[in-house]
Every structure is written in structure tokens, then in C-alpha cells.
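Novice: when you get a sec, could you give me coordinates for this:
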Amino acid sequence: MRIAYGVTMALSIMMLIGYLSLIRKKEKWLVLMFVSVAIVNLGYFMLALAPTVAFALVANKVAYLGQVFLPMAILLTIFNLSHLKYNKVLPISLAVIALLIFALVFTTGYLPWYYESVSLVFEDGASKLVKDYGPAHVVYLLYLLLYFGTMIGVIIYVFIKRKNVPIKQAVLMAIVVFGNIAVWGMEQLIKVNFEFLAVSYLLSELLLLGIYWMMQDAERDILRKKMALGQNITNEDKLAILLTRIPDGESLTARETEILYALIAGKKRKEMADELNISENTVKTHVAHVYDKLGISSKDELNTLIAKM
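Specialist: Alright, predicted model coming up:
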């Protein structure tokens, strides 16, 4: 069993490193998901090796650190894949709630709120934490159920509306959501000696990553068709084309992307500063970074690139 947890941990870390080093256009919520899954599987592996209750509690908290942020990462990734807009305050609020839930879990070993008592047993070649849940554990269950309910609601909405979301993409998202819910529910009802969510999370990463690749391929096909037919290319199209010029291992930050879009729209430095509520010097710095990542040195060169589209 220790070997199984070691393999899932190694795979999750390799997938995280691979995503960060090989994928040019990174999605921040997918990055959070990869990081969270790696932390969860690290915690599971530490728990399997735990020689004492104290060490097992530390390992359990490591796993929970990833688990409280994982639903947030999956939900916001699905929001993005479904082209659903949300207020910028939402991610901050969800992160704060996740930290509060983790703070509750962190009381284990000190207060009988989350676990009333714990003990360590050795089964199937791995250590296992036997827990008697305290009254605060229901808070975490409600936390997960609210996320599951929201995800199901988004999937149903996507299938009903299906606006700008291909059916294949919607089906894959449904598999991610209902697959994880099914595995979690199975583990609640059937006592098994292995955390099958460790594997389920890895499969979810691959499916969501595959959806992003499908989307990017579709976007490139649309741009090629527009260019072949001589159709008008929008500023959004121009932005997408320019982003493909960013070399592997590099990416524009959210602010740099806003600056590039403003440059494409022909806005002056002062206009950008006023709209983004930053100083002109800050705009100048961002512009320099954008030019450097695009491999150009001036606005004239940028205009030349745009003119060739």
C-alpha cells in the first residue's frame, strides 16, 4: 500500500512539474489544481509511512491543505471552461473560506473539535489513522457538499444552454465532476484501506488538461479559417495569435495580457494607466516585459506583426 501511495505522489509531482515546464499558456486555476493534488498525495504518502500518531496528524493536515483548495480549483476551472463570468471577489472569498476550513482541521491534536480521538493502526503494509469525528467535522462535509452541488448546477446549466461549449467538452467536465463525487461517496459508504481519490484526482487533471487542449486547437482552427477566408479579425483574435508567439516556458501575466490587449486596441500609455488604475511608469514596465516576451523591441514592430495577420 505504501508503494501505491508513493506512485500516486510521484505521478502527481511529475504532472505538476511537466505542466509548469511544458505548457506555454498556463491556466491559473489548473495550476492550483495540480499543486493541490500534489499536496494531497504527498499527505497520503506521509500518512502511509507514519510511525507515530503525531506524525500521522501532521501528514493528515498536509493532505487537508490540498483538499480544501482542490474543490475551489476544480470549480473555477469548470467556470472558465464553460465561459461563465464571475466577480473577481469570488476567488478571494473562496480562498478565505478554504483557509478557515483548514484552520478548523489544524485544531486536531490540540482540541477535540474536528476529531474527538485518533489512533494509529498498521494495515496492508501502511499506517492508517483511525478517527472519531468531532462536531466540527460536519462543517467540512457541508463545505464539500456545497461545492459538489454548485459543480452539478454548472454542468446541468452547460448541458441545457450549451452556449459556446461543445458537447464533447461538456461530457468530459461531467465525468470529472460526477466521477469525483462517486469516488468520494463510495469512500464514505464503503470502508476501504486505500484513498481512491488519489487516483481520481490524477485522472481529473488529465481530463481537464485535455479539455483545454481541445479548446486551444478549436480556437486556432477558427483563426486559420478566418484568415483563409479573408474575414475581419477581431482584437481578441489578434491577442490569441500574438500569445502563440510567446516561447515555451514563458507566459504573460494577467496584467501583461491586459496591457497587450490595450496595445492592440491602439491605446496610449496614459489611457492604459487611467483604465487600469496604475501609474504610467508601471505601464511602461509592463509594456517592456510584453515586448521582451514577444521578441520585439518597439510598438512599430508590434504594429508590423499585427499588420501581417
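Novice: show me the strands in this structure, by range?
Specialist: Secondary structure of the chain, counting by DSSP state E: strands at 115-123, 126-133.
Novice: low-confidence ranges in this protein?
Specialist: For the chain, the stretches flagged by pLDDT under 70 are 24-25, 162-164, 215-233, 247-250, 306-309.
Novice: domains in it, by residue range?
Specialist: Following automatic domain parsing, one finds the domains of the chain at 2-219, 232-307.
Novice: okay, these, which one's buried deepest?
Specialist: Burial of these is given as mean neighbour count (mean count of other Cβ atoms under 10 Å); domain 2-219 ranks first at a mean of 17. Any C-beta I mention is one placed from the backbone N, CA and C, and that applies to glycine too.
Novice: how distant is it from the center of its chain?
Specialist: Distance of domain 2-219 from its chain centroid, counting by Cα atoms, centre = their mean, to the nearest Å, is 10 Å.
Novice: make 55 the starting number, not 1.
Specialist: Happy to do that; since the first residue is 55 now, the last one works out to domain 56-273.
Novice: quick one on the thing from earlier: now the strands of the chain as CSV including distance to Tyr211?
Specialist: Output for these, formatted as CSV (distance: least, Cβ to Cβ, whole Å):
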stretch, distance to Tyr211
strand 169-177, 37
strand 180-187, 34
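Novice: right, and those - which one's nearest Leu199?
Specialist: With Cβ to Cβ, the closest approach to Leu199 among those belongs to strand 180-187: 15.4 Å.
Novice: look up how far Leu84 lies from Pro145.
Specialist: Going from Pro145 to Leu84 by Cβ to Cβ, to the nearest Å gives 14 Å.
Novice: er, Leu243 actually
Specialist: Counting by Cβ to Cβ, the gap from Leu243 to Leu84 is 30 Å.
Novice: same check on Ile77?
Specialist: 9 Å.
Novice: next one: Asn331
Specialist: Applying Cβ to Cβ to Asn331 and Leu84 gives a distance of 28 Å.
Novice: just Ala294 next, same as before
Specialist: Applying Cβ to Cβ to Ala294 and Leu84 gives a distance of 18 Å.
Novice: what do you get for His343?
Specialist: The gap separating His343 from Leu84 is 23 Å, by Cβ to Cβ.
Novice: what residues are up against Lys338?
Specialist: Arg323 (Cβ atoms under 8 Å, 6 or more residues apart in numbering).
Novice: for the one 5 residues further on, same thing?
Specialist: His343 sits next to Glu310 when contact means Cβ under 8 Å, 6+ apart.
Novice: which residues of the stretch 155-304 of the chain fall in helices?
Specialist: Remark: helices assigned in the stretch 155-304 of the chain by DSSP state H, counting those that start in this stretch are 191-215, 221-243, 251-283, 289-297.
Novice: Phe99 is in contact with Gly60, correct?
Specialist: Yes - because the distance of 5.6 Å satisfies Cβ atoms under 8 Å, Gly60 is recorded as touching Phe99.
Novice: what sits against Glu65?
Specialist: Wrong residue type there; residue 65 is Leu, not Glu. Neighbour list for Leu65: 95, 256 [criterion: Cβ under 8 Å, 6+ apart].
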